[in-house]
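Novice: Model the structure of this input:
(chains A and B)
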2 protein chains.
Amino acid sequence: MNYPNQIKKEFHKNINYANRGMDLENIINDTNEYLRKQDIALIYKKPTPIGVVKVNYENNKQVINKAYFATQSTLDYNGLYKGRYVEFDAKSTESKTSFPLSNIHPHQLKHIRSVIRHGGIVFLIIQMNGLVYLVNGVDIIEFIDTNERKSIPYAYIEKKGYQLEYNYNKGLNYLKYVDIIGGIDNEKN
Amino acid sequence: MNYPNQIKKEFHKNINYANRGMDLENIINDTNEYLRKQDIALIYKKPTPIGVVKVNYENNKQVINKAYFATQSTLDYNGLYKGRYVEFDAKSTESKTSFPLSNIHPHQLKHIRSVIRHGGIVFLIIQMNGLVYLVNGVDIIEFIDTNERKSIPYAYIEKKGYQLEYNYNKGLNYLKYVDIIGGIDNEKN
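Specialist: Numbers count the residues shown, from 1 in each chain, chains lettered A, B, ... in the order given. Purely as a prediction, here's the structure:
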């Protein structure tokens, strides 16, 4: 997605809701850019869906003068890695003891089940207690289907998740664990 | 993506550029919705990327008051089918004799090469001469790499492409040919 630089800057300055968990999102975007440049994986953030109401022309260019944010019913990131379909979302919580399931929209939960059913690799990257974990979608669904609780205890995330490491040049090392949860044989690739 | 009905209507009314090839886009969107409802494939149109410049609040709701359309550097549709990564774009041309390559942005061509290299299934759905064809990305790249021409002759599309059929309930039967170009064994699925 290519914006003129000025617009890109203003974008970050003006969208308030985007600031929640902004750092994690930026880190993931930078990581994915690195992975594309190194030709390791093709993973993109989907654009935020917008419902456009009014468009005008200024200097022969279309300018949107009224629009609304719409909700994404899938996860924010998807793409292709070693021939496999990969999809995930990034979530942050301030809670220290458990991850509230209200952070995942019902549409998204349904979508996670669908991706699993169709043979894709699906997971969440969860930022919590100053650490970042990759949690397999299979383990999220397993928790929901066997518990009445409305939040996932931190102990479950520590036990089932994979703690990610950050490198200034390479970003988050999440693909290492995609290999594991996807049963990808590195010898063959 | 869920818009209030009124916005959805106004959306179609106001975005002029979207009318080019609108029918094909609508047919593909309806097809993908059918495929999701039947739990056959999870394929979505990516939202058009927007560079938001100004946001205000009206009745506690965010309203975008200035934004621009940005260009997509990938293809418009992607998703998951029988465990495989699938990506494609829909293109229409008025030309009867050849498909102008200027319809495919250089970023998109580069992306098609990348998807092939990483083991995804990638293709174009081309509407031309009142017919609709699925053309394998591999054949598009093959043509470009062995020709100096700036457009693909219709005869090449007829020869290499698969002519799609439309059914009022099921939409376009493009997955039939995804099975073929992706080498997907239907017996196993």
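Novice: OK, contacts around A:Asn32?
Specialist: Going by C-beta atoms under 8 Å, 6 or more residues apart in numbering or on different chains, A:Asn32 touches A:Ala41, A:Ile43, A:Tyr44, A:Lys45, A:Tyr77, A:Gly79, A:Gly171. (Each C-beta comes from the backbone N, C-alpha and C, glycine too.)
Novice: Please list which of those also come close to chain B.
Specialist: By C-beta under 8 Å from any C-beta of the partner chain, the members of the contacts of A:Asn32 lying near chain B are A:Ala41, A:Tyr44, A:Gly79.
Novice: Does the first one touch B:Gly120 like I think?
Specialist: The one in question is A:Ala41. No: the criterion here is C-beta atoms under 8 Å, and A:Ala41 misses it with B:Gly120 at 11.0 Å.
Novice: Please enumerate residues in contact with stretch A:104-119?
Specialist: Here stretch A:104-119 has contacts from A:71-75, A:85, A:87, A:89, A:91, A:121-122, A:124, A:137-138, A:140-141, A:144, B:36, B:39, B:41-42, B:80-84, using C-beta under 8 Å, 6+ apart.
Novice: Give me the buried positions along the helix or strand hosting A:Ser114.
Specialist: In the assignment (DSSP states H and E), A:Ser114 maps to helix A:106-117. Of the residues in helix A:106-117, A:Gln108, A:His111, A:Ile112, A:Arg113, A:Ser114, A:Val115, A:Ile116 count as buried by neighbour count, 16 or more other C-beta atoms under 10 Å in any protein chain shown.
Novice: hang on, the earlier thing: list residues touching both of A:Ala41 and B:Gly120?
Specialist: A:Leu80.
Novice: got the contact list for A:Arg36?
Specialist: Counted by C-beta under 8 Å, 6+ apart, A:Arg36 has contacts A:Leu42, A:Ile43, B:Ser114.
Novice: can I assume the first one is in contact with A:Leu80?
Specialist: Yes: using C-beta under 8 Å, A:Leu42 makes contact with A:Leu80 at a distance of 4.6 Å.
Novice: any residues in contact with both of these two?
Specialist: Common neighbours of A:Leu42 and A:Leu80 (C-beta under 8 Å, 6+ apart) are B:Val115, B:His118, B:Gly120.
Novice: and A:Gly119, backbone torsions?
Specialist: phi 90, psi 20 (degrees, to the nearest 10).
Novice: what's the burial count for it?
Specialist: 15 (other C-beta atoms under 10 Å in any protein chain shown).
Novice: quick one: it from B:Arg84, how far?
Specialist: From A:Gly119 across to B:Arg84, the span is 8 Å (C-beta to C-beta, to the nearest Å).
Novice: Over to A:Tyr77?
Specialist: Taking C-beta to C-beta, one finds A:Tyr77 at 18 Å from B:Arg84.
Novice: Report the contact partners of A:Tyr77.
Specialist: Contacts of A:Tyr77 by C-beta under 8 Å, 6+ apart are A:Ile28, A:Asn32, A:Ile43, A:Tyr44, A:Lys45, A:Lys46, A:Val86, A:Glu87, A:Phe88, A:Asp89, A:Ala90.
Novice: Helix or strand next in line after the helix or strand hosting the last one, which one?
Specialist: Same thing as A:Ala90. Assessed by DSSP H and E, A:Ala90 sits inside strand A:84-92. Sequence order places strand A:98-100 as the next helix or strand after strand A:84-92, per DSSP H and E.
Novice: where exactly do the helices run in chain A?
Specialist: A:5-14, A:22-37, A:106-117, A:137-146, A:154-160, A:175-181 (DSSP state H).
Novice: need these in a markdown table with mean pLDDT, can you?
Specialist: As requested, the helices of chain A are exported to a markdown table (pLDDT from 0 to 100):
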| stretch | mean pLDDT |
| --- | --- |
| helix A:5-14 | 38 |
| helix A:22-37 | 92 |
| helix A:106-117 | 97 |
| helix A:137-146 | 97 |
| helix A:154-160 | 98 |
| helix A:175-181 | 97 |
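Novice: Turn the ones you listed into JSON lines, columns for distance to A:Gly130.
Specialist: Shown next, in JSON lines, are the helices of chain A (distance: least, C-beta to C-beta, whole Å):
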{"stretch": "helix A:5-14", "distance to A:Gly130": "23"}
{"stretch": "helix A:22-37", "distance to A:Gly130": "11"}
{"stretch": "helix A:106-117", "distance to A:Gly130": "25"}
{"stretch": "helix A:137-146", "distance to A:Gly130": "21"}
{"stretch": "helix A:154-160", "distance to A:Gly130": "12"}
{"stretch": "helix A:175-181", "distance to A:Gly130": "19"}
